[in-house]
Every structure is written in C-alpha cells, then in structure tokens.
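>>> Predicted structure and sequence below. I'll ask about it afterward.
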Amino acid sequence: AALTVRFLTRRFIGEYGDMEFIYSHNLTVDGREILFHIWDVPSSQVREEGSSEEKRIQWADSFVLVYSICDRASFNILPLKIQFIKAAKEGQSQEKVPIVIVGNKQDLHHQREVSSEEGRLLALSLDCGFYEVSAAE
C-alpha cells in the first residue's frame with residue numbers, strides 16, 4: 001500500500017491497515033492519457049489461493065508483486081504466485097502476461113534479508129521485470 005500511495009500521491013505514509021483498495025489514476029505516457037486501475041491487495045490476503053485470487057488475476061492486465069527486502073517470507077512466496085498468475089492468464093492465450101517483481105524498503109538495507117542479486121535472479125528465471133525501490137525515499 002505504501003508503494004501504491006507513493007506512486008499516486010508522491011507522499012509516503014508508513015502505516016496501513018489490512019484492507020484491499022482499488023485506486024484509479026490518470027497518467028500521461030508518451031503523450032497518451034492512460035487510466036490505471038490499481039487493485040492493491042495486502043500480503044495477508046494474497047497468501048490465500050482460491051476464487052478471490054482468481055478473480056483478481058482475471059481482472060488485471062498486468063501485475064506488480066512487491067516484497068520487502070527485510071522479509072524473506074514475502075520473497076519466498078513469489079515463485080508460486082507467479083506460476084499461479086501465468087497458469088491462469090497465459091493458459092487462456094498465447095500472450096505473455098506482464099509481471100514485475102519489486103523489492104521494497106531499499107532504505108532499510110541494514111535489515112536486509114534478501115539480496116538484490118537474489119531478486120534479479122528470480123525475476124530472470126521467471127521472465128519478469130525487476131526493480132528495487134524505497135517507498136519511503
């Protein structure tokens with residue numbers, strides 16, 4: 001949620017509840033107006049698999065999966081989530097689904113549990129984009 005709010009408002013808010021939200025945002029990209037709908041799902045709700053997660057996957061055109069570099073468990077669930085997304089989306093068509101893995105909390109490098117290299121290698125092995133950022137900075 002912090003990363004989404006930072007993207008939408010350019011402000012950092014550190015604490016969020018455990019709720020999901022859908023945000024809408026207009027952005028100009030290459031001279032074209034693009035309307036984003038962002039379904040922000042807290043990690044506690046992402047860990048459940050089933051009809052709710054399938055609904056989210058069918059709803060989306062692309063995916064940004066965020067983990068904390070200070071929380072190995074949030075990183076370790078990514079391969080299964082990405083396989084689940086690809087099976088659901090790419091099984092229906094031949095188009096590759098855009099997925100980006102984002103390691104957040106780069107500013108907390110002293111608490112790091114997941115190296116940048118691990119993130120890059122995972123993204124490479126799963127054919128995803130990769131970034132490491134800090135919502136706070």
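Okay, I see it.

>>> Show the contacting residues for residue 67.
Residue 67 makes contact with 74, 75, 78, 101, 102, 103, 104, 114, 119 under the criterion CB atoms under 8 Å, 6 or more residues apart in numbering. Heads up, the C-betas are built off the backbone N, CA and C, glycines and all.

>>> Wait, residue 97 touches residue 87, no?
No: in terms of CB atoms under 8 Å, residue 97 does not count as a neighbour of residue 87; the distance is 10.2 Å.

>>> Show me which of the two is the more surrounded one.
Of the pair residue 97 and residue 87, residue 97 is the one with more neighbours under other CB atoms under 10 Å, namely 19 against 11.

>>> Let me know the pLDDT of the more buried one.
The score at residue 97 is 89. That number is its pLDDT.

>>> ok so, going back, among the contacts of residue 67, who's most crowded?
Most surrounded of the contacts of residue 67: other CB under 10 Å gives residue 103, at 26 neighbours.

>>> Kindly indicate whether that one is helix, strand or coil.
Applying DSSP: H, G, I helix; E, B strand; the rest coil to residue 103 yields a three-state assignment of strand.

>>> Identify the spatial nearest neighbour of it, chain neighbours not counted.
residue 132 (4.1 Å; CB to CB, 6 or more residues apart in numbering).

>>> and the one you found, how many residues sit next to it?
By other CB under 10 Å, neighbour count at residue 132 equals 17.

>>> so what's residue 34 bridging to?
Under the criterion DSSP bridges, residue 34 forms beta bridges with residue 27.

>>> Residue 24 is in contact with that one, correct?
No: distance between residue 34 and residue 24: 11.3 Å, which falls outside the contact criterion (CB under 8 Å).

>>> got the contact list for residue 136?
So residue 136 contacts 2, 12, 14, 105, 107 (CB under 8 Å, 6+ apart).
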